[in-house]
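1. One predicted model, sequence on top.
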Amino acid sequence: ISMATQNRPKVYVTRRVPEIGLQILSPHCEISQWQSDDPVARHELLKNVSGKDALFCLLTDKIDKEVLEQAGPSLRVIGTMSVGYEHIDLEECKRRNISVGFTPDVLTNATAELTVALLLATSRRLKEGIQAVADGSWGTWKPSWLCGSGLDGSTVGIVGLGRIGLAVAKRLSPFGVSKFLYYGRTEKETAKDIGAEFVSFDSLLEKSDFVLGCCSLTEDNKELFNKTAFQKMKKTAVFINTSRGGLVNQTDLYAALSTGQIAAAGLDVTSPEPLPIDNPLLTLHNCVILPHIGSATEKARSAMSEVTAKNILSFLKGQDMPSKLI
Ligand code: DGY
């Protein structure tokens, strides 16, 4: 693809994104952009992707066969401003010889930090405490009021010891966690860094005080956390999910939380997003729900925009992408 000014590659950007990404692309590309903080409507996406060489998209954009078809043969590269990629039909991209870049690493620390925040918020019952202060039910200091389990001496089970799972464990160690267990497709060399033990899914559920969903969502692990899984967990266990809502059967989670099958849950992701305000999970005092803000630091979001733009530009220049998925 020629980078000459008169024939610059066309990039469609599906949202307002941190400026750095546009600064990287604009000297070399002709950019058109959906000028909103809200997702581009499907029909707008289909219309605007047509004839583009590159697509800068987000996790809210479903990039399926229809979009690729509509884009036409000029589309050679997609950069998603996310580490997750279940919104992109990779098989279809492969078939069409379209390369895809994503943004691992740059959001690991931010997401790991928020995961720790959820462990603390749930195990130390922050939601109930904040509520009690606000509604006047904070009485005198009471020895057994709002006592939680805390992290000291606990066993933490991580489902998916990838970049984020490992970063979470490293941050949790200083809190006095006594044992890390993990489960996933393969054993990880990096587990040695934190002395984590590879166990079966069932064993992880049975032994952990905290069960953490840190894996990516695939066809195989949809609703992995369901009734059967919650039944195997300790009654005192806390379930945390900062990866994708699709990992959880939310009806089963509600049942587990409301009947005391497990003690609490902390979720940064739900299905759907946003979670409708009449969802029963929102009525529970032992369920902390955040609006998918794992990577929401200025630093991480800016780096995500930067890496996405660099992925696209590198490809267009015939160079290796900094973070290539396919
Ligand atoms: C991702 O990148 O996939 C996260 O869900 C949002 O940062």
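-> Cool, got the structure.
2. what's the closest non-adjacent residue to the residue nearest the centre of the chain?
-> Nearest to the geometric centre of the chain sits S243, at 3.8 Å (CA atoms, centre = their mean). Spatial nearest neighbour of S243, chain neighbours left out: G213 (5.1 Å); criterion: CB to CB, 6 or more residues apart in numbering. (Glycine included, C-beta is placed from N, CA and C.)
3. Distance check, the residue nearest to the centre of the chain against the ligand.
-> 8 Å (CB to the nearest ligand atom, to the nearest Å).
4. do V83 as well
-> V83 is 4 Å from the ligand, where distance means CB to the nearest ligand atom.
5. Make sure S82 is actually in contact with P104.
-> No: S82 lies out of contact with P104 (CB atoms under 8 Å); the separation is 9.6 Å.
6. I'd like to know how many residues surround S32.
-> By other CB atoms under 10 Å, 13 other residues sit near S32.
7. list the contacts for it?
-> Residues in contact with S32 (CB atoms under 8 Å, 6 or more residues apart in numbering) are K10, V11, Y12, V13, N48, K52.
8. Let's have these in a markdown table, adding secondary structure and distance to A132.
-> Output for the contacts of S32, formatted as a markdown table (DSSP: H, G, I helix; E, B strand; the rest coil; distance: CB to CB, whole Å):
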| residue | secondary structure | distance to A132 |
| --- | --- | --- |
| K10 | strand | 56 |
| V11 | strand | 51 |
| Y12 | strand | 49 |
| V13 | strand | 45 |
| N48 | helix | 49 |
| K52 | coil | 53 |
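9. Pick the one among those residues closest to the ligand.
-> V13 (16.3 Å; CB to the nearest ligand atom).
10. Just to check, the closest one is in contact with Q33?
-> Yes: V13 is within contact range of Q33, at 4.1 Å (criterion: CB under 8 Å).
11. Tell me the residues that contact both of the two, please.
-> Jointly contacting V13 and Q33 under the rule CB under 8 Å, 6+ apart are L22.
12. out of the two, which sits in the more crowded spot?
-> V13 (29 against 16).
13. distance of that one from D37?
-> 13 Å (CB to CB, to the nearest Å).
14. cool, E206 as well?
-> E206 sits 44 Å away from D37 when distances are taken as CB to CB.
15. Can you pick out the residue with more neighbours from those two?
-> Higher neighbour count among E206 and D37: E206, with 15 against 8, using other CB under 10 Å.
16. Where does the more buried one fall, secondary structure wise?
-> Using DSSP states H and E, E206 maps to helix 201-207.
17. Which SSE is immediately downstream of that helix?
-> Next along the chain after helix 201-207, taking DSSP H and E as the criterion, comes strand 210-213.
18. what is the rounded mean pLDDT of that next one?
-> Mean pLDDT, strand 210-213: 98.
19. what does stretch 35-50 contact?
-> Counting by CB under 8 Å, 6+ apart, residues outside stretch 35-50 touching it are 12, 14-16, 32, 34, 55, 58, 60-62, 66-67, 70-72, 75.
20. switch the cut-off to 7 Å
-> Stretch 35-50 has contacts (CB atoms under 7 Å, 6 or more residues apart in numbering) with 12, 14-16, 32, 34, 55, 60-61, 66-67, 70-72.
21. and the stretch 101-250 of the chain, which residues reach the ligand?
-> With CB under 6 Å from any ligand atom as the criterion, the stretch 101-250 of the chain comes near the ligand at residues L107.
22. Quick check, the residue in the stretch 101-250 of the chain closest to the ligand?
-> Taking CB to the nearest ligand atom, the ligand has its nearest neighbour within the stretch 101-250 of the chain at L107, 5.1 Å off.
23. Now that residue: closest residue in space that isn't a chain neighbour?
-> Using CB to CB, 6+ apart and skipping the chain neighbours, the partner closest in space to L107 is S295 (3.8 Å).
24. How about the contacts made by that neighbour?
-> Under the criterion of CB under 7 Å, 6+ apart, the neighbours of S295 are L107, A110, T111, R301, M304.
25. try 8 Å this time
-> V83, L107, A110, T111, R301, M304 are the contacts of S295 under CB under 8 Å, 6+ apart.
26. Same check on S144?
-> Contacts for S144 (CB under 8 Å, 6+ apart) come out as none.
27. Residue of the stretch 201-326 of the chain closest to the ligand, please.
-> S295 (3.3 Å).
28. Would you agree that residue falls within a helix?
-> No: S295: not assigned to a helix; according to DSSP: H, G, I helix; E, B strand; the rest coil it is coil.
29. Is stretch 60-69 positioned near the ligand?
-> No: using CB under 6 Å from any ligand atom, stretch 60-69 never reaches the ligand; the gap is at least 10.0 Å.
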